[in-house]
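Colleague: Generate coordinates for the sequence data below:
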Amino acid sequence: MATVTDIDTFASIFAQATGIDPKASGENWATDLYNVAKKYINQGITSDSSVLYDLILSDKDAPQSYKNRFSAITELKKQNADLQLSVADYVKQEKQYKNLLTQSGLRSLANNEDIKKFFVNGISYDVAAERINGAFSAIDNADEYTKSILNERFPGLTKADIAQGLLTGAEGTVEIEKKVKGAQMLGAAKAAGVKTALTEEQLLAANITPGDAKTAFATVAAQQEGIQQAARIFGEQASRQDLQAELEKKELGIAPSQKVEGLASQARAQFAGGTGITTGSLSKRKSGQL
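Modeller: Numbers count the residues shown, from 1 in each chain. Prediction:
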């Protein structure tokens, strides 16, 4: 343990405990920190205890540059936030954050001030890593149709953009997630060969998984022509676009459609009670009747 006059030893122990050299250029806190630390060391707190550096941070006589460096810790305490960090933990997570951001193509955010903002917003390193890796995985594992929609509609949307959106606040996160989810829905329609009659907002209202969307659009693809033909045969006045939209809403679980159900029921009754509507059966019956 450092003696009350051994600043160099104190600086060395501080560096080992926190990962920051208090004598380094740009920090240069060694003397001022030690002057504050002495009273705690004299009270029996060892100079290699992380508690010591947290006590210094809350001490009114601590160097202002030290307080500024770790102001996020103080702010989190004021907020009574779920995320609470010691000085040592803060420095450790800060280094991990810098590595994560650099490897994710976000080197411009890998600095002390930006990382401080993330911490103040309650985004620990573990949360950041989960968000970024999860977003990247979603893009990497997207099917070709989803990727093509993303490239068509958001040519500037890179994985780095997604990561930045996930880290810079709730609004950015929501917008990025909407873009990816919208692309997944449109991709499901494209994969099924369906030219959707719904807007992206309507598709997002389905709130279903990409797998469910694929199943729903496959059903739409199988039924859309039959429903349109049934409408013509039975005198339904709705436009082709409106019927298509109603069929999609029904299959996506957005809203039931009595109109579509009625046409399907009429068609089944008229055409030998088949379990589904097919273009062929309707075309054949239509050509024989009309």
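
Colleague: CA atoms for contacts and neighbours, from now on please.
Modeller: Fine.

Colleague: Could you point out which residue ranges in this protein have low pLDDT?
Modeller: The model of the chain has pLDDT under 70 over residues 1-5, 25, 169-174, 270-290.

Colleague: okay, now the domains of it?
Modeller: 7-69, 91-191, 203-289 (automatic domain parsing).

Colleague: got the end-to-end distance for the shortest one?
Modeller: The first and last residues of domain 7-69 sit 21 Å apart, counting by Cα to Cα, to the nearest Å.

Colleague: ok, back up a step: can I get the domains of the chain in TSV including mean neighbour count and distance to Ala81?
Modeller: As requested, the domains of the chain are exported to TSV (neighbours: other Cα atoms under 10 Å; distance: least, Cα to Cα, whole Å):
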stretch	mean neighbour count	distance to Ala81
domain 7-69	17	17
domain 91-191	17	7
domain 203-289	17	31
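
Colleague: Against Lys60, how distant is Val120?
Modeller: 21 Å.

Colleague: follow-up on the earlier one: let me have the domains of the chain in JSON lines, extended by distance to Lys78.
Modeller: Formatted as JSON lines, those follow (distance: least, Cα to Cα, whole Å):
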{"stretch": "domain 7-69", "distance to Lys78": "12"}
{"stretch": "domain 91-191", "distance to Lys78": "10"}
{"stretch": "domain 203-289", "distance to Lys78": "37"}
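
Colleague: mind checking which of these is nearest Gln79?
Modeller: domain 91-191 (9.0 Å; Cα to Cα).

Colleague: so how far does the closest one reach from one end to the other?
Modeller: Domain 91-191: ends 48 Å apart by Cα to Cα.

Colleague: Tell me how far that domain lies from the chain's centre.
Modeller: Centroid separation for domain 91-191 versus its chain: 6 Å, with Cα atoms, centre = their mean, to the nearest Å.

Colleague: got it, and stretch 215-223?
Modeller: Averaged C-alpha coordinates place stretch 215-223 at 29 Å from its chain's average position (Cα atoms, centre = their mean).

Colleague: so Val260 is in which element?
Modeller: In the assignment (DSSP states H and E), Val260 maps to helix 258-270.

Colleague: Leu150: what secondary structure?
Modeller: Classification of Leu150 using DSSP: H, G, I helix; E, B strand; the rest coil returns helix.

Colleague: Show the contacting residues for the nearest residue to it once chain neighbours are set aside.
Modeller: Leaving aside its sequence neighbours, Leu150 sits nearest to Ala183 (Cα to Cα, 6 or more residues apart in numbering; 5.8 Å). Listed by Cα atoms under 8 Å, 6 or more residues apart in numbering, the contact partners of Ala183 are Thr146, Lys147, Ile149, Leu150.

Colleague: quick check: angle from the helix or strand Leu243 falls within to helix 258-270?
Modeller: For Leu243, the element it lies in under DSSP H and E is helix 240-252. Calculated by axes from the mean of the first three to the mean of the last three Cα atoms, to 10 degrees, helix 240-252 forms an angle of 90 degrees with helix 258-270.
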